[in-house]
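K.L.:
Everything below, folded, please.
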Amino acid sequence: MGAYRAQKGQGQPKLIAIIGGSGSGKTFLAQMLHQALGRKAARLALDDFYRDRSGCHPARRARINFDHPRAIDWAELETVLKNLAAGRAALAPRYDFSTHTRRPVRRRVRPRPLVLVEGLWPCHKKSVRQLFDFLIFLDCPEKTRLQRRLDRDVAERGRSPQSVRKQFYQTVAPMHVRFVKPQKHWSDLVIRRPISGPEIARLAQTITKLEQTKKETV
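P.N.:
Numbering: from 1, shown residues only. Here you go, the predicted structure:
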C-alpha cells in the first residue's frame, strides 16, 4: 500500500482511481467496470479537467504540453471529487480537444456509491490522492501504448504517423516516466497484462465490497 489516505465512514461514496499512460487501456477498463457496476457507479475522466485555453491564441494552444500535470485544473477536480465523496451532486466540466477549450455546458454528476475516475495522473497531487479509496494502475509496455496511440490518432484525428511518433517520444514518453509511472507506488492493484472479461467481473466484485467496508488507513 502507499501513502496515508484519510478514513472515510461506512456508507459514504467510495472513489476509485484508474491510472495509466496514454494508450494503456484505462478508458476501456473504466467503461467495462462502469458497465459491470451499473447504477452503483458514476464515472469521470481526468481529461475533462484540462484548463480552459480559450484565452490563448490557437497557435499557443498547439504548443502546450498536455502530458504535464500542470495542464490540469486541480482545484476544480478536488472540488468535484469532494462533493461526490460527501454524497453531493457535482457539476463537472466538459473539454473540447479540437479547440482546447471547455464546453459551455457542464455535466451534472449524481453521487453514487462508487465513483470511477480514470486518467493519466489522478493521484499526482497529494490532497487529491487522499480522497481515493482504491487505486488501480495499468502497467502497459511503451511499445503497446505507442501502437494504440498511432491507431487512434491516425484514424480518428487525421494525424500522420510521423507526427504521432514525434510527439510520443518528445513529450508523452518522458512525461510518463516523470509523472505517470511514480503513481504505481501508491496503487493498491497493478495490472500488467490485458484483463479478461472474467477478471473484470472479479475486479468489479472487489470494488463493490468497498461499499460495505470502512476506509483503510495505509
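
K.L.:
going forward, measure contacts and count neighbours with C-alpha atoms only.
P.N.:
OK.

K.L.:
looking at the protein, which helix or strand is least sure?
P.N.:
Of the helices and strands making up the chain, the lowest-confidence element is helix 58-61, at a mean of 78, by mean pLDDT, DSSP states H and E.

K.L.:
And it, how far out from the chain middle?
P.N.:
Offset of helix 58-61 from its chain centre (CA atoms, centre = their mean, to the nearest Å): 25 Å.

K.L.:
And it, what's buried?
P.N.:
Judged by neighbour count (16 or more other CA atoms under 10 Å), helix 58-61 contains these buried residues: Arg61.

K.L.:
In terms of secondary structure, what does whatever helix or strand comes next after it contact?
P.N.:
Once the chain leaves helix 58-61, the next helix or strand it forms, by DSSP states H and E, is helix 74-85. Packed against helix 74-85 by the contact rule (3 or more CA pairs under 8 Å, 6 or more residues apart in numbering; DSSP states H and E) you find strand 90-92.

K.L.:
which residues sit against the strand it packs on?
P.N.:
48, 80, 83-84, 106-111 (CA atoms under 8 Å, 6 or more residues apart in numbering).

K.L.:
picking that back up, for the least confident helix or strand of the chain, which outside residues touch it?
P.N.:
Counting by CA under 8 Å, 6+ apart, the neighbours of helix 58-61 from elsewhere in the structure are 53, 99-100.

K.L.:
cool, stretch 133-144 as well?
P.N.:
The contact list for stretch 133-144 (CA under 8 Å, 6+ apart) reads 5, 14-21, 23-26, 173, 183-184, 186-193, 207, 215-216.

K.L.:
all strands of this protein, in order?
P.N.:
Along the chain, counting by DSSP state E, strands occupy 14-20, 41-45, 90-92, 95-96, 101-102, 107-109, 114-119, 134-138, 189-191.

K.L.:
Now render those as TSV, adding mean pLDDT, distance to Glu199 and mean neighbour count.
P.N.:
Written out in TSV, the entries for these read as follows (pLDDT from 0 to 100; distance: least, CA to CA, whole Å; neighbours: other CA atoms under 10 Å):
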stretch	mean pLDDT	distance to Glu199	mean neighbour count
strand 14-20	97	15	27
strand 41-45	97	18	20
strand 90-92	97	30	18
strand 95-96	90	31	18
strand 101-102	88	36	19
strand 107-109	96	28	13
strand 114-119	97	17	23
strand 134-138	97	14	23
strand 189-191	96	11	15
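
K.L.:
what residues are up against Leu114?
P.N.:
Shown in contact with Leu114 (CA under 8 Å, 6+ apart): 13-16, 40-42, 208, 211.
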